[in-house]
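Engineer: output the structure for:
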Amino acid sequence: MIVLPLAWTLLTASLWTLGSSQILQREPVKIRYPEILSTEAIECHCVNIACDSVYWFRSIQDHRKLEFIGKCNNADRTNYGDNVDTTRFKLSKQSIFFTLRIINVTEKDTGIYSCVLKDRQNTEMWKPGILLRPGVLPPTLAPLPKTKPKPPVKSVCRCPTENPSPDGCDSLVLWPSVGLVAALAVALICTLYYFSRLPKKCRHHFVK
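Structural biologist: Below you'll find the model as predicted:
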């Protein structure tokens with residue numbers, strides 16, 4: 001919804017610069033939400049081109065109307081468009097930055113603000129615009145979904161030498177001992193039963 005109006009804006013603005021080479025930077029339009037009656041500064045960074053001047057535009061009324069704000073050159077000389085309130089819209093140049101400053105922002109200042117850098121060879125660099133939405137609250141990020149805690153995993157007892165668990169390692173030692181005692185008792189009972197079933201002569205023979 002923002003890229004198409006911006007492309008239309010740049011195409012409309014280019015009608016008065018026929019014959020010049022143009023460079024369009026493919027970047028998304030950034031959105032700002034300034035407070036009412038605040039001061040907003042929009043910068044146009046001059047890189048990869050020997051900038052001689054900058055032209056500022058604004059797309060308003062659902063991005064269907066283009067308004068020329070003004071021009072600023074390297075000598076910091078400015079020319080403003082018709083019907084531009086020069087008490088609130090200020091153009092300036094500092095180092096490699098051209099700046100558009102809007103004082104006492106109102107809801108009527110809503111729109112896409114774009115800049116066009118130009119060198120002495122008539123090469124133009126179209127910068128991506130910035131959408132101002134004064135007085136509008138910025139959207140809040142959706143809360144992250146809550147993750148359910150994982151159930152605790154019962155650790156396997158390794159029979160530590162210190163502080164053994166009464167429900168863990170003792171049972172591992174006790175039950176094998178009970179089984180061993182039971183096996184010995186069964187063997188003893190079977191032996192006694194075997195001797196009790198032998199004839200008396202055989203018992204006397206075993207005694208000798």
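
Engineer: my read: Y80 touches I69, true?
Structural biologist: Yes - Y80 lies in contact with I69 (C-beta atoms under 8 Å); the separation is 7.0 Å. Just so you know, the C-beta spots here come from the backbone N, C-alpha and C atoms, and that holds for glycine as well.

Engineer: what do these two both touch?
Structural biologist: Residues touching both Y80 and I69 (C-beta atoms under 8 Å, 6 or more residues apart in numbering) are 89, 91.

Engineer: this protein: helices as residue ranges?
Structural biologist: 3-13, 169-196, 200-207 (DSSP state H).

Engineer: show me the shaky parts of the chain.
Structural biologist: 1-26, 61-63, 142, 155-179, 194-195, 197-208 (pLDDT under 70).

Engineer: quick one: the strands in the chain?
Structural biologist: 22-24, 30-32, 40-45, 53-60, 65-73, 78-80, 89-94, 97-102, 111-118, 124-126, 130-132 (DSSP state E).

Engineer: among those strands, which is nearest L144?
Structural biologist: Closest to L144 of the strands of the chain, according to C-beta to C-beta: strand 30-32, at 22.7 Å.

Engineer: who touches the closest one?
Structural biologist: Under the contact criterion C-beta under 8 Å, 6+ apart, strand 30-32 has outside partners 40, 128, 130-133.

Engineer: any chance of those residues in TSV, with distance to R32 too?
Structural biologist: Output for the contacts of strand 30-32, formatted as TSV (distance: C-beta to C-beta, whole Å):
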residue	distance to R32
E40	7
P128	13
I130	6
L131	7
L132	5
R133	7
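
Engineer: compare those residues and tell me which is most surrounded.
Structural biologist: Neighbour counts for those, by other C-beta atoms under 10 Å, peak at L132, which reaches 22 neighbours.

Engineer: distance check, that one against L180.
Structural biologist: 87 Å (C-beta to C-beta, to the nearest Å).

Engineer: ok, now how distant is I189 from L180?
Structural biologist: Distance, I189 to L180, using C-beta to C-beta: 15 Å.

Engineer: quick one: the strands of the chain as JSON lines, columns for distance to P152 too.
Structural biologist: JSON lines is the format used below for the strands of the chain (distance: least, C-beta to C-beta, whole Å):
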{"stretch": "strand 22-24", "distance to P152": "59"}
{"stretch": "strand 30-32", "distance to P152": "46"}
{"stretch": "strand 40-45", "distance to P152": "54"}
{"stretch": "strand 53-60", "distance to P152": "59"}
{"stretch": "strand 65-73", "distance to P152": "64"}
{"stretch": "strand 78-80", "distance to P152": "70"}
{"stretch": "strand 89-94", "distance to P152": "62"}
{"stretch": "strand 97-102", "distance to P152": "58"}
{"stretch": "strand 111-118", "distance to P152": "55"}
{"stretch": "strand 124-126", "distance to P152": "60"}
{"stretch": "strand 130-132", "distance to P152": "51"}
